[in-house]
Structure formats: C-alpha cells, structure tokens
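S.K.: sharing a model that was predicted from the sequence below.
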Amino acid sequence: MAGLQQVAVPLTGFEAPLSEIEQTIQTNVRKFAQTVMEPLGVKLDRMKAAAAIAPDSPYWQIFPEFAKLGLPLEALLQMPDGERGRLIPMIFEELGAGDGGLAISLGASMLPWLIIYATGKTALLERYPEGSRIGCWGITELDHGSDTLDFGRMCAQPGSDYGRPNCVVRPDGDAFVVEGQKSAWVSNGTVAQLCLLYAAFDDGSGEHKHCVVLVPLDAKGVSRGKPLEKMGQRALPQGEIFFDKVRVPADHLLAGTGRPYDQALCAVLCEANAMMGSVWIGAARRAYELALDYAHQRKQGGVPIIEHQNVRYRLFHMMRKVEAARALNHRVHLFNATAPAAALQGSIATKITSTQTALEVASDAIQIFGGNGVACEYPLEKLMRDARASMIEDGCNEMLAIKGGTLLIDSVRIRERSK
Ligand SMILES: Cc1cc2nc3c(=O)[nH]c(=O)nc-3n(C[C@H](O)[C@H](O)[C@H](O)COP(=O)(O)OP(=O)(O)OC[C@H]3O[C@@H](n4cnc5c(N)ncnc54)[C@H](O)[C@@H]3O)c2cc1C
C-alpha cells in the first residue's frame, strides 16, 4: 500500500459533517444500542417467546431505558422539516445496529402517537400521553395479510373478492364495538397497551369499508394469543389480539372510511417503510463492521484473512452496498419530510433495498467468519435470521414492489393515449 493515502471514514460512511446536536444524538443512541440493546437482544433471542415477556424478563427495560434518551416523537415532529429528515434515519440506523427486533419493538410502539399527531386528534393525548403505554399497529389478519396493506386494491387480481374480514368495527350508539382478531404477527401484540387498529367497518350498508380506531388494550373483552415462536427478530414480541365486543368511545375514531382511511394507511406505510429502511441499514452495517474486524484478527494461510484478495473484495462490496442503501434511505427521509406529501414509492424503495442489503451483507459476513459464522456463539447467524424476517415485515417485498410500480403509472397519460 506504499504511496496509497487511506482516508478514514466514520461508521456511518461518507457523510458530510454532522451538526453538534446530530453528533450528540448519534453518540447517545449508539451508546444505548451497544450497551443496552445488543446484549439484551442476544439474551432474548435465546429465550422461549413466553419467557421473553414474563414479568421478570429483561425485555421490559427497553422502554424506560429508551425514554432516558429524551427523544419523544412530539419533539421530533416539531423540529424544522429538514432537520427531522436528517435525524430520524440516523436514530433508527443506530437502533437497528443494536438489535433489529428491539428497534422494531420501539418503532411499532410509537405508531399510535404518530397517527394521533398526523390526524390532529391530539385531544386523545390527555388520556394517552405519548410514551405512557406500549403501542402496536394491528392491521394484518389471519385471512388477510398482504391484502390489508394494499389500500386501493392496487395488487389484487381484477374482479377478485376480498372475502370476510377477521376483525370488524361497528357503530353502536355513541361508541364503536370491535369484534374479531388480528394476526399473530402484530409487533408488540402480546405486550402492547394501546392498539392502532386498522379494520373493516360495518355500518350495515353491506359495502366493503375500513376505519382506524384507537383501542386501549386494558378494555373489557380484549385477550391475547400465545406468544409466537419465530426464526428471527425473536426479541420482538408477537402474537394475536382478540376482541370480544370491545367498546371504544366515539372520539377514538382516528380515520373514517374511504379517503381518510386510505390517507391514514398511506401515512403509516410511508413512515413504517422508511423507518424499516433505516433499521435494516443498521443491521447491515453491524454485519459489515463485525466481518471487517474479524478479517483483521483471523489468520489463515499465514496472514490475517483480509490480506487474501477474495476476502477484501467481498468486504468492499459489503461496504458499497451498505453505503448505497444508506444514501437512498437518507434521500427518501429528507424528501418525505420536506415535500408537500410523502412519496410511498420512495419509502417502499428504501425498505426493499435495505432489507435485501441486510440479508446479503449478513450472509457475506457469515462467509468471512467461516465455520464460526454459523455457530450460535458468534453474532452473525442471528443477524441473518433477523434480516430474513424483515423481507416480510411491513409488507412482503414483492407485494410492496408491485404497489410501488403501480404508483409510477401516470393514469392521465394512459387515458389520453387510449382516446
Ligand atoms: C417480523 C414481522 C413483523 C410484523 N409486524 C406486523 C405488525 O406490527 N402489525 C401487523 O398487523 N402485521 C405485522 N406483520 C405482518 C406482515 O405485514 C405480513 O406478514 C405481510 O404483510 C404478509 O402477509 P402474510 O404473512 O399473510 O403473507 P401473504 O399475504 O399470505 O403472502 C404470501 C405470499 O404471497 C405473495 N402475495 C400475496 N398477495 C400478493 C399479491 N397481491 N400480489 C403478489 N404477490 C402476493 C406474497 O408476496 C408472499 O410471498 C409482521 C410480520 C413479520 C414477519
């Protein structure tokens, strides 16, 4: 390497200098991710799903510890748009580098408040101050997974029938009644205390309608399913929520049927997919960091393995992929924060790119670790299991891509050409 000037770059790659406040927040969140989230995620990964949410489980420390960072959604939303658009991806990348499953648990918990703020129903904050309860987003159902995320039925086969919903909200005097269940995949479903519920709305007209209601999960008639055992993101508690004639006051309706519902679904998908984009860059970055470090330590063929051409070739492509995924994620966050309306196709693009990158980079890191890569005492096999689940979470990547592609269609142009 004689004569070659090596320029050191920070963990987060080729970024322009951060402001003082960005640096402080990044440092604090990184410390929390490294000292609290990562060891906690490893512990929870090895526990049975029921034990991981038992009263004595270490899981419960994640919310009070995160609260100590002093990053409430309300404060983030009040920041100037450009600053918020830079800061949010940085925060979620650090959380994802700590533990993907716990990062999603923290993110999902914020969603009820995100939509309270987005719909302007802030009177509900008196009853449910932000952060006072663990939140969740209940949308998918036993018989309706991808279908529930496909507002406007963009991905459905023409002429196909939605079928019977598994969860229905009905008006009843001055309240609403919720009946049915949500899928076992609701993130935080087994631990949440406040549900942002997206469900079918039956007003007796026989038409296919939907609405969004806030459901306190200590209400009479709410019960939970068995904690779900799964291959990855095991630190993220999941399980069904059952509703047996649960009464919800009328002011808990956040979005009514039709356009308000579609807008509320688009809002949550735009945020959740962009947030997923940041979290899984964090996981990909962690896999790359670990592999880079290992390649300097492990000696084979008489030298640290990074001196073998194939190893440094692989590491370079890992770094390149993480960097490219991050660049897209930052652009999408900044666009969504500063444009008159967030672009769902951008959020989908970053979600797919980051989750795919996390899986590929984790797999490459396993190869660099050799046999140790697949051993449970090393961190890589967990990272890969976590990343695999992310390609289904918040919408299967294929279905999201079809939806993103549909949003590229200029229907006015098509109509004009067919005249
Ligand atoms: C880790 C994790 C966290 C999650 N968190 C939540 C949560 O917080 N809240 C919540 O409500 N749900 C959550 N989910 C559920 C998740 O949104 C669904 O699993 C996902 O939308 C897919 O639904 P499904 O599992 O029923 O698969 P299906 O919809 O049955 O899809 C099966 C396969 O068919 C394909 N397919 C389906 N429909 C179409 C179509 N129209 N066009 C083309 N291909 C199609 C899919 O791409 C997929 O490959 C989570 C899931 C995971 C794995």
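M.R.: Great, that's in hand. Predicted model, so just to flag it, every value in this text is computed and none were measured.

S.K.: just give me the neighbour total for the residue in the stretch 1-150 of the chain that the ligand sits nearest to.
M.R.: Proximity of the stretch 1-150 of the chain to the ligand (Cβ to the nearest ligand atom) peaks at residue 145, 1.7 Å away. The C-beta positions use only the backbone N, C-alpha and C, and glycine is treated the same way. A count of neighbours around residue 145, defined by other Cβ atoms under 10 Å, yields 17.

S.K.: which non-adjacent residue is nearest it?
M.R.: Closest residue in space to residue 145, ignoring its immediate chain neighbours: residue 183 at 6.9 Å, by Cβ to Cβ, 6 or more residues apart in numbering.

S.K.: isn't the one you found up against residue 142?
M.R.: Yes: the pair residue 183 / residue 142 is scored as a contact, 5.7 Å apart, by Cβ atoms under 8 Å.

S.K.: between those two, which contacts overlap?
M.R.: residue 166 (Cβ atoms under 8 Å, 6 or more residues apart in numbering).

S.K.: out of these two, which sits in the more crowded spot?
M.R.: residue 183 (23 against 14).

S.K.: OK, contacts around the more buried one?
M.R.: 140, 141, 142, 145, 166, 240.

S.K.: how far away is it from the ligand?
M.R.: Using Cβ to the nearest ligand atom, to the nearest Å, residue 183 is found at 6 Å from the ligand.

S.K.: phi first, then psi, for that residue.
M.R.: Reported as degrees, to the nearest 10, the phi and psi values for residue 183 are phi -70, psi 170.

S.K.: still on that earlier bit, could you measure from the residue nearest to residue 145 over to residue 287?
M.R.: Relative to residue 287, residue 183 is positioned 29 Å away (Cβ to Cβ, to the nearest Å).

S.K.: residues of this structure that sit close to the ligand?
M.R.: Neighbours of the ligand within the chain, by Cβ under 6 Å from any ligand atom: 108, 137-140, 145-146, 149, 155-156, 182-183, 185-187, 233, 389, 392-396, 398-399, 402.

S.K.: could you list which of the residues you listed belong to strands?
M.R.: 137, 138, 182 (DSSP state E).

S.K.: looking at the residues you listed, which is nearest residue 39?
M.R.: Nearest to residue 39 among these: residue 137, at 27.1 Å, using Cβ to Cβ.

S.K.: against residue 87, how distant is the closest residue in space to that closest one that isn't next to it in sequence?
M.R.: Ranked by Cβ to Cβ, 6+ apart and with sequence neighbours excluded, the top spatial neighbour of residue 137 is residue 111, at 4.4 Å. Per Cβ to Cβ, residue 111 is found 18 Å from residue 87.

S.K.: ranges for the strands of this protein?
M.R.: Counting by DSSP E, one finds strands in the chain at the ranges 135-138, 167-172, 175-182, 194-201, 210-216, 222-224, 241-249, 253-255, 299-300, 303-304.

S.K.: pick the most buried one from the ones you listed.
M.R.: strand 135-138 (a mean of 28; mean count of other Cβ atoms under 10 Å).

S.K.: any weak-confidence spans in this structure?
M.R.: For the chain, applying pLDDT under 70 flags the ranges 1-2.

S.K.: contacting residues for the most centrally placed residue in it?
M.R.: Residue closest to the average C-alpha location in the chain (Cα atoms, centre = their mean): residue 276, at 3.9 Å. Residues near residue 276 by Cβ under 8 Å, 6+ apart: 104, 350, 351, 354, 355, 390, 393, 394.

S.K.: export those residues to a markdown table and tack on neighbour count and distance to residue 62?
M.R.: Shown next, in a markdown table, are the contacts of residue 276 (neighbours: other Cβ atoms under 10 Å; distance: Cβ to Cβ, whole Å):
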| residue | neighbour count | distance to residue 62 |
| --- | --- | --- |
| 104 | 29 | 11 |
| 350 | 28 | 25 |
| 351 | 31 | 23 |
| 354 | 31 | 22 |
| 355 | 30 | 22 |
| 390 | 25 | 19 |
| 393 | 25 | 18 |
| 394 | 26 | 20 |
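
S.K.: and these, which of them are in helices?
M.R.: Judged by DSSP state H, the subset of these located in helices is 104, 350, 351, 354, 355, 390.

S.K.: pull the most distant pair out of the residues you listed.
M.R.: 104 and 350 (15.4 Å).

S.K.: need the nearest residue in space to residue 334, chain neighbours excluded.
M.R.: residue 85 (3.9 Å).

S.K.: tell me, how many residues neighbour the one you found?
M.R.: Neighbours of residue 85 using other Cβ under 10 Å come to 21.

S.K.: residue 111 now?
M.R.: Neighbour count for residue 111, taken as other Cβ under 10 Å: 24.

S.K.: residue 254 touches residue 115, doesn't it?
M.R.: Yes: counting by Cβ under 8 Å, residue 254 does reach residue 115; the two are 5.6 Å apart.

S.K.: shared neighbours, those two?
M.R.: Each of 196, 212, 264 lies in contact with both residue 254 and residue 115 under the rule Cβ under 8 Å, 6+ apart.

S.K.: how close does the second one sit to residue 307?
M.R.: The reference is to residue 212. For residue 212, the distance to residue 307 (Cβ to Cβ) stands at 57 Å.

S.K.: same question, the last one
M.R.: Distance, residue 264 to residue 307, by Cβ to Cβ: 55 Å.

S.K.: on that earlier part again, just the buried members of the residues of the chain next to the ligand?
M.R.: 108, 137-140, 145-146, 149, 155, 182-183, 185-187, 233, 389, 392-395, 399 (16 or more other Cβ atoms under 10 Å).

S.K.: can you list the domain ranges for this structure.
M.R.: The chain breaks down into these domains under automatic domain parsing: 20-125, 135-260, 262-415.

S.K.: distance of residue 262 from the ligand?
M.R.: 17 Å.

S.K.: what's near enough to touch that residue?
M.R.: Counting by Cβ under 8 Å, 6+ apart, residue 262 has contacts 151, 152.

S.K.: now with 6 Å, please.
M.R.: Taking Cβ atoms under 6 Å, 6 or more residues apart in numbering, we find residue 262 in contact with residue 151.

S.K.: kindly report the same for the one 3 residues further on.
M.R.: Contacts were defined as Cβ under 6 Å, 6+ apart; by that measure residue 265 touches residue 151.
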